[in-house]
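J.: Give me a 3D structure for the following:
(chains A and B, ligands or ions: 1)
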Amino acid sequence: MKTLVFAAALLLGSIMPSTAQAQSSALYQQLGERSGIETIVEEMLLGVADDERIAHYFADVDILRLHKLISEQVCNVSGGPCEYTGETMAVSHNNLGINNADFNALVEHLIAAMEQQEVPVSAQNELLALLAPMHRDIVE
Amino acid sequence: MPKRIVFGLSALLIGAVQPALAQQFETPGSRLLATGGASTIEGSGGGGIVPWATLSSYADEGEWGGTAQMTEVQVDDFSLSVQGASINWNNRVEVSYARQQFDLETIGGELEQQVWGVKARISGDLVYGAWPQVSAGVQYKRNQTFALPQAVGAQDDTSTDYYVSAAKAWLAGPFSRTWVANLTVRSTEANQLGLLGFGGDKGDSREWVGEASVAMFVNRYWAIGMEYRQKPDLLSFAKEDDWKDVFVAYFPSKHVSLVGAYADLGSIAGLDSQTGWYLSVQASF
Ligand code: HEM
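T.: Purely as a prediction, here's the structure:
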């Protein structure tokens, strides 16, 4: 439990915007800013955890760290005031053996999470279009 | 929130040891909603009248999928009924079958045809990557009511169409909507799909024709679009026109899709400006 609280604090601290980066984009706002993005990523990971097709990839993964890093990344690509502090997509997914079906499965959970959070279709599409090019680095 | 993540983590661990049964029956395949498109009147996966580079069903790498369809077209003096099915292996090869009954409501009589199709994805992916998905296919057609076609000048009761298609999706195209476009070139000698046989008194050789479709997804479940299909014109008894339609497609889930269209089929068997409705239902598994 102690590690969990520590991780939670870390999670909040790391995504706090600094004043210099406070200007934010329309997409970032439509995703619900920092808290909206964290909820979307959380919902997505819950969906992934429940999905037989891909859950096994995450069996040994530090989910709190992953939640923090993906939230940072989504915040960052959507024009929000966040620094992405993780590895490149190529490095972090190297040798995992992720195929096209696995990738689509994760995208499905992302879409479901955005639908649930009532993100407008236009914003959903814009985020998907920003993430889709990562397919090249993630899928083998 | 961390509590929910911990919950998710345990769900994950439980999930990891459970058999894969439930999921398999829940989802027909891993490709994204609507990327299986609809079924064409010739059985191949695509729009309504144009075969697309996409393969039918939702089967992705390492998966099998299938579809069954029923389509009804009603224009001024004719109606067309189609029943068909397809299977998809690995999102690599699609095999399809369709049978068509064409009712000559004003003239009297009925024409029938069967179409077997094979389509292979050659390269690319509809959604990912800079290049379109490219597929090549064949449709082997067998007219089963050749007496009438023969009487008006058709040369053969069987023939094979060859085609190459390219399709691409833009996730956030104009209006931040997802758009899909498909181009198909086909080598054919079919008269009105083959319902009026193959080859004719105006020519007994193959022609290249172009076919195109474009669709915009209004949201995740609804799309609107249009299609255009060039056709040969090989019989002197009646002019054959290009076909076009505007459609609305609904994908409530990966299990079922519905397409409604308004079609302009031009002149058929001497009866001009045939326009009317098209309705298609597809089940995927
Ligand atoms: C657009 C889609 C995706 C994005 C944006 C994304 C993002 C990320 C990020 C930010 C990390 C953390 C990097 C780090 O450790 O520094 C990560 C790790 C990971 N991702 Fe993805 N990912 C995507 C698709 C997938 C898919 C489809 C799978 C598998 C089905 C997957 C499985 C994993 C796993 C297992 C890790 C942990 C690797 C490790 O810690 O050893 N990812 N991803």
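
J.: quick one: residue B:226 from the ligand, how far?
T.: 32 Å (C-beta to the nearest ligand atom, to the nearest Å). In short, each C-beta sits where N, CA and C put it, glycine included.

J.: How about the secondary structure of that residue?
T.: strand (DSSP: H, G, I helix; E, B strand; the rest coil).

J.: Same question for residue B:280.
T.: With three-state DSSP as the basis, residue B:280 sits in strand.

J.: So it is in contact with residue B:68, correct?
T.: No: judged on C-beta atoms under 8 Å, residue B:280 makes no contact with residue B:68 at a distance of 11.5 Å.

J.: Settle it for me: which of those two has more neighbours?
T.: Between residue B:280 and residue B:68, counting by other C-beta atoms under 10 Å in any protein chain shown, residue B:280 is the more crowded of the two (24 against 14).

J.: Residues in a beta bridge with that one, which ones?
T.: For residue B:280, the beta-bridge partners are residue B:71, residue B:259 (DSSP bridges).

J.: and residue 41, what element?
T.: All of this is about chain A. helix A:33-49 (DSSP states H and E).

J.: when you scan the very next helix or strand once past that helix, is anything in it near the ligand?
T.: Toward the C-terminus, helix A:33-49 is succeeded by helix A:63-77 as the next helix or strand (DSSP H and E). Yes: Helix A:63-77 reaches the ligand (C-beta under 6 Å from any ligand atom) through A:66, A:69-70, A:73.

J.: Which single one of those is nearest to residue B:257?
T.: residue A:70 (31.4 Å; C-beta to C-beta).

J.: what's next to stretch B:97-111, contact-wise?
T.: Stretch B:97-111 is contacted from outside by B:39-43, B:69, B:77-86, B:112-117, B:143, B:145, B:148-149, B:192-193, B:195-196, B:269, B:271, using C-beta atoms under 8 Å, 6 or more residues apart in numbering or on different chains.

J.: filter the residues you listed to the buried ones?
T.: B:39-43, B:69, B:77-82, B:84-86, B:113-117, B:143, B:145, B:148-149, B:192-193, B:195-196, B:269, B:271 (16 or more other C-beta atoms under 10 Å in any protein chain shown).

J.: Now do the same contact list for residue B:84.
T.: So residue B:84 contacts B:39, B:43, B:68-69, B:71, B:96-99 (C-beta under 8 Å, 6+ apart).

J.: just to revisit the earlier point, restricted to strands, list the contacts of stretch B:97-111.
T.: Mapping those onto strands (DSSP state E) picks out B:39, B:69, B:78-86, B:112-117, B:143.

J.: gap between the residue found closest to residue B:221 once you drop the neighbours it is linked to in the chain and residue A:62?
T.: Sequence neighbours aside, residue B:251 is the residue nearest to residue B:221 in space, at 5.3 Å (criterion: C-beta to C-beta, 6 or more residues apart in numbering or on different chains). Using C-beta to C-beta, to the nearest Å, we find residue B:251 at a distance of 36 Å from residue A:62.
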